[in-house]
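> here is my input, please return the structure:
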Amino acid sequence: MTAHPLLAELAQRAGARAHLTVPDCSCGAATLADRADATVVRHAGTVAKAHAPGTDPAALAARLAVAAGLPDVLLPPLAATPAELHGRLVTFWPYGAPVDPVDPDAAPWEAAGALLARLHRTPAPAGLPPMRGPAKAAHAVARLSAAGSRPAVAAVLSAWRSLPGWARAEAPTPAAWVALCHGDLHLGQLVRHPAPDGPWRLIDVDDLGVGVPAWDLARPAAWFACGLLPPDEWTRFLDAYRAAGGSAVPAAGDPWPALDAPARALTVQTAARAVTKSAAAGRPLDEVEQCLVDACARMGSVPPQLAADSAK
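Purely as a prediction, here's the structure:
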């Protein structure tokens, strides 16, 4: 099946739901994403998302329930249960205005930190599945086999093997650390609702679950450590998280014993994806991709900091 029938029917579903509240809407549908793991279409104020093939219905329903119950943190869904279309689970959401990619100075680092802290302070409901961050990192590393024997592959694999088992999805998460987590935090996961200037909310519940809350800080921490995120932006994010009572790091002092292993895991994941994509395209690594691989190469000489012996 091609993506086109799915896109067309998603547009119809989004339009039908949008017209429940905007009967005279004359706008067409817009495709926001069309990837193997997510196809997203907007019609007026309604967004329809087809989730990845094989998505567990019960797990997705549990994640939707969390979003519905935390409307001050997560964008709430428009329906409590997913629909099904062409073998894919489909959810419906209100449209939110995304972060402006051409205005990095306006990036909502303070809002991201505060929202994460509130999420981490929320008790996780019984039966919620694990946060999918470590499993996605392991999947990215597994796909490195398609990149052959490039030198970059060896550097990434060596860094991966140095990580604690829980960060590689090979061991249980240390029980004392478990919290409600987003699982895939980056600036693309924030929108303003109502658009265009409402409060910021987190979106995308596909990876939501219980796990190590430091994972949600790991991507900006990794960018900072690799020199890809300016120090002032990292400080804005971390200070806002701490001010809002986030549990992933101590309220003061050095945050890196808690952040180091997850930040390394996110660096490895991002580098693995970069190496796989560059190999598939038959091109060398670009400057940013090489920076990530170089960071992986440095990891082998410095053991990761661990916040607790149970992380080993």
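
> who touches the residue nearest the centre of the chain in this structure?
In the chain, the residue lying closest to the centroid (Cα atoms, centre = their mean) is Asp184, at 1.6 Å. With Cβ atoms under 8 Å, 6 or more residues apart in numbering as the criterion, the residues that contact Asp184 are 132-133, 136, 204, 206-207. (Each C-beta comes from the backbone N, C-alpha and C, glycine too.)

> which of the residues you listed fall within strands?
When the contacts of Asp184 are checked against strands (DSSP state E), there are no matches.

> could you measure from Asp105 over to Ala97?
Asp105 sits 17 Å away from Ala97, taking Cβ to Cβ, to the nearest Å as the criterion.

> in terms of neighbours, single out the busier of the two.
Each of Asp105 and Ala97 has its neighbours counted (other Cβ atoms under 10 Å); Ala97 has more, 15 against 6.

> and the gap between that one and Asp206?
Ala97 sits at a distance of 21 Å from Asp206 (criterion: Cβ to Cβ).

> likewise for Gly227?
Relative to Asp206, and taking Cβ to Cβ, Gly227 is found at 29 Å.

> comparing those two, which residue is more hemmed in?
Of the pair Gly227 and Asp206, Asp206 is the one with more neighbours under other Cβ under 10 Å, namely 19 against 12.

> what pLDDT is listed against the residue lying closest to that one once chain neighbours are set aside?
Counting by Cβ to Cβ, 6 or more residues apart in numbering, His51 is the residue found nearest to Asp206 once chain neighbours are left out, at 6.4 Å. Among the per-residue scores, His51 holds a pLDDT of 96.

> all numbers from here: first residue = 439
From this message on, residue numbering opens at 439, which makes the last subject His489.

> now His489. Its backbone dihedrals?
Note on His489: its backbone torsions stand at phi -80, psi 170 [degrees, to the nearest 10].

> can you list the domain ranges for the chain.
Following automatic domain parsing, the chain resolves into domains at 441-533, 542-749.

> highest mean neighbour count out of those domains?
The highest mean neighbour count among those, using mean count of other Cβ atoms under 10 Å, belongs to domain 542-749: a mean of 19.

> quick check: mean pLDDT of that domain?
Domain 542-749 carries an average pLDDT of 93.

> same deal with stretch 470-479?
Taken as a whole, stretch 470-479 has a mean pLDDT of 91.

> that stretch: end-to-end distance?
Looking at stretch 470-479, the gap from its leading to its trailing residue is 5 Å under the measure Cα to Cα, to the nearest Å.
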